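Colleague: sequence plus the predicted model coming up.
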Amino acid sequence: QPPMPEFPPPPPSLPPASSSDLGKHHVTMQLSTYAVDSMAFVYYNRGLLQYLVTPKDLDGFGFLLNTDTFVSAAPGLSKWPNTNMTINAMVADLPSGAAKFDNNELEIAVPAMYAFSVSSSAGPIPVFNLTGPVVAGAALSVSQTKDGQVLHGKFTNATCSPLAVNSTTIGPVDFTAISDVIGFVLDVIIPIANTAFAGGMPLPSFEGATATNTSIETKNDVCTVSSNVNYKP
């Protein structure tokens, strides 16, 4: 396996502490978006920022992922009548500088690709790819564990617009007529992403300390976590 490329941007300097909670708590910690961008970089280079959507994934939305559903928008699919399809949803490019902290949320913006294929006994047949920017928002919270505090981000929403046809092997594709399926795809991926990142990001702690009255504030792409501390040696 080739060595992983070096993460491009250097870690940013944290701005002067300006949280409204300063002086009201025993401990204040600040986290820049660099940690999130670094994690995304590792996941991307390990090929983990992708998910293969199958017909079963979309059954719950009442959506049939097969050629008959898309044939009016992509007439070339008539070659495979009433045949199942798959969509490989993936981050299309290195998500450097993708994260922002704002309004007590973590926002991530990445370029995405959706590779549509027709299922066959010989394997998937690539037919067309759609691309577009995905913007996802995650609510931030802090939990207390026996080992200390953990910062969590739970994705609550995601959008992808505008869409465009990146490539096609079957002739014209009217992506505007099939854009609804991308919303369903994102609805499938959000809970999967939340499960994958359920462990959260451990915050610095020390033995015997229990944090209380914790608050979170985001400003200027910095997440500030402030807590009171009960210490039992």
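Modeller: Structure received.
Colleague: for the rest of this, base every contact and every neighbour count on C-alpha atoms.
Modeller: Fine.
Colleague: end-to-end on stretch 161-180?
Modeller: 11 Å (CA to CA, to the nearest Å).
Colleague: state the mean pLDDT of it.
Modeller: Stretch 161-180 shows a mean pLDDT of 95.
Colleague: flag every buried residue along it.
Modeller: 163, 164, 165, 167, 168, 173, 175, 179 (16 or more other CA atoms under 10 Å).
Colleague: and the longest strand anywhere in the chain, how far from the chain's centre?
Modeller: Longest strand in the chain by number of residues (criterion: DSSP state E): strand 125-145. Relative to the centre of its chain, strand 125-145 is centred 3 Å away, using CA atoms, centre = their mean, to the nearest Å.
Colleague: helix or strand right after that strand?
Modeller: With elements assigned by DSSP states H and E, the helix or strand that comes after strand 125-145 is strand 148-160.
Colleague: relative to strand 148-160, how tilted is the longest strand of the chain?
Modeller: If you take axes from the mean of the first three to the mean of the last three CA atoms, to 10 degrees, strand 125-145 sits at 150 degrees to strand 148-160.
Colleague: the chain should start at 56 in everything you say after this.
Modeller: Yep, numbering from 56; the last one is strand 180-200 now.
Colleague: name every sheet partner of strand 180-200 and say whether each one runs parallel or antiparallel.
Modeller: strand 160-173 (antiparallel), strand 203-215 (antiparallel), strand 219-223 (antiparallel) (DSSP bridges).
Colleague: as PDB, could you dump the C-alpha coordinates of that strand?
Modeller: C-alpha atoms of strand 180-200 as PDB (Å, rounded to 0.1, in the frame of the first residue of the first chain):
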ATOM      1  CA  ILE A 180     -22.400  -2.100 -15.100                       C
ATOM      2  CA  PRO A 181     -21.400   1.600 -14.700                       C
ATOM      3  CA  VAL A 182     -24.000   3.800 -16.500                       C
ATOM      4  CA  PHE A 183     -23.600   7.400 -15.200                       C
ATOM      5  CA  ASN A 184     -22.100   9.500 -12.400                       C
ATOM      6  CA  LEU A 185     -23.600  12.600 -10.800                       C
ATOM      7  CA  THR A 186     -21.600  15.100  -8.800                       C
ATOM      8  CA  GLY A 187     -22.400  17.900  -6.400                       C
ATOM      9  CA  PRO A 188     -21.400  19.600  -3.100                       C
ATOM     10  CA  VAL A 189     -22.700  18.000   0.100                       C
ATOM     11  CA  VAL A 190     -23.200  20.200   3.100                       C
ATOM     12  CA  ALA A 191     -23.900  18.400   6.400                       C
ATOM     13  CA  GLY A 192     -24.700  19.800   9.800                       C
ATOM     14  CA  ALA A 193     -24.000  18.000  13.100                       C
ATOM     15  CA  ALA A 194     -25.300  19.000  16.500                       C
ATOM     16  CA  LEU A 195     -22.600  19.200  19.200                       C
ATOM     17  CA  SER A 196     -22.800  17.800  22.700                       C
ATOM     18  CA  VAL A 197     -20.600  16.600  25.500                       C
ATOM     19  CA  SER A 198     -21.000  13.400  27.600                       C
ATOM     20  CA  GLN A 199     -19.200  12.300  30.700                       C
ATOM     21  CA  THR A 200     -17.700   8.900  30.800                       C
END
